[in-house]
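K.L.:
model the structure of this input:
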Amino acid sequence: GEAVRKMAAKLPGMGPADVYYPASFEGKWMVERRTTGVESPSGAPPAEGRYKAKVGETVRYEARFVRNGDKVIADREYNEKQLVQATQGKKVGVVWQPTNPNAISLSYPDGQISDIKVTKRAASMGQDASTLEFSEFRREANLGFAGSVSGVLGVPEISASWIRAKYRVVDQGNVEGIVLEYAMPTASQDPATATSKSKYRISMTRLGPLGSF
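P.N.:
Predicted structure coming up:
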């Protein structure tokens with residue numbers, strides 16, 4: 001039940017149970033993400049069908065940060081839906097619970113399912129709560145229906161991603177950040193095996209008063 005999920009989120013070696021944001025993040029934001037760099041550390045091309053960022057590309061989407069006890073966390077369900085819609089033009093179903101923040105499942109309109117599990121995390125907040133740095137390694141199992149008649153799930157394709165982010169609170173209504181995203185074709189934690197490394201510059205503008213949705 002709930003107690004077991006909370007314990008699982010705090011397994012040794014995992015790092016903090018979630019990424020905890022400065023209190024000033026609480027509420028809804030408009031995020032502008034501009035791609036400033038794309039490269040392939042391994043020299044190999046990205047997997048077919050995987051989203052590929054392009055230098056100079058700018059996407060905009062909404063993001064929410066909510067209270068979970070005395071902490072502020074990202075509403076990963078809402079944020080993932082918005083990001084996929086902005087980058088891929090697809091409306092996805094998302095299953096996620098703040099009591100088990102390390103697991104998130106995406107269901108695509110064509111029947112594809114992507115199960116994501118955060119397996120390692122590190123995070124640190126500045127003493128004045130105006131800066132935040134975090135890193136997350138995510139294992140991804142991508143499932144596809146073997147046939148529309150049988151509806152049987154095929155063998156999952158295992159890949160991984162590594163997210164490194166830095167955010168700075170400019171004032172109550174603005175946040176700036178830089179995000180690096182590595183995409184690995186296997187479950188390897190070695191960024192040298194990544195088929196893409198994308199660098200994004202983030203600009204966040206608050207929508208409504210602090211804590212409003």
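
K.L.:
what pLDDT, on average, does the longest helix anywhere in the chain get?
P.N.:
Ordering each helix of the chain by length in residues (DSSP state H) puts helix 76-88 first. For helix 76-88, mean pLDDT is 96.

K.L.:
what helix or strand is the nearest residue to residue 130 once chain neighbours are set aside on?
P.N.:
Of all residues not flanking residue 130 in the chain, residue 169 sits nearest, at 4.5 Å (Cβ to Cβ, 6 or more residues apart in numbering). Every residue, glycine included, has its C-beta placed from N, CA and C. Assigned by DSSP states H and E, residue 169 belongs to strand 157-171.

K.L.:
just the buried positions in the helix or strand that that strand is followed by, please.
P.N.:
Downstream of strand 157-171, the next assigned helix or strand under DSSP H and E is strand 174-184. Neighbour-count burial for strand 174-184 flags 175, 177, 180-184 (criterion: 16 or more other Cβ atoms under 10 Å).

K.L.:
ok, now stretch 165-175?
P.N.:
For stretch 165-175, by 16+ other Cβ under 10 Å, it's 165, 167-169, 175.

K.L.:
rounded mean pLDDT for that stretch, please.
P.N.:
Mean pLDDT, computed over stretch 165-175, is 96.

K.L.:
gap between it and the chain center?
P.N.:
Averaging C-alpha positions (Cα atoms, centre = their mean, to the nearest Å) puts stretch 165-175 18 Å from its chain's average.

K.L.:
do a quick rundown of the helices in the protein.
P.N.:
Taking DSSP H as the test, the helices found in the chain are 2-8, 76-88.

K.L.:
surely residue 101 meets residue 73?
P.N.:
Yes - counting by Cβ atoms under 8 Å, residue 73 is a contact partner of residue 101 at 6.8 Å.

K.L.:
which neighbours do the two share?
P.N.:
residue 18 (Cβ atoms under 8 Å, 6 or more residues apart in numbering).

K.L.:
taking the centroid of the chain, which residue is nearest it?
P.N.:
Centroid-nearest residue in the chain, with Cα atoms, centre = their mean: residue 80, separated by 6.8 Å.

K.L.:
touching, that residue and residue 90? I think so.
P.N.:
No - proximity of residue 80 to residue 90 does not meet the contact threshold set by Cβ under 8 Å, at 11.5 Å.

K.L.:
circling back: now for the buried residues of stretch 165-175, which pair is the farthest apart?
P.N.:
165 and 169 (13.7 Å; Cβ to Cβ).

K.L.:
about what we covered before: what angle do the strand holding residue 169 and strand 174-184 make?
P.N.:
160 degrees (axes from the mean of the first three to the mean of the last three Cα atoms, to 10 degrees).

K.L.:
cool, thanks, talk later.
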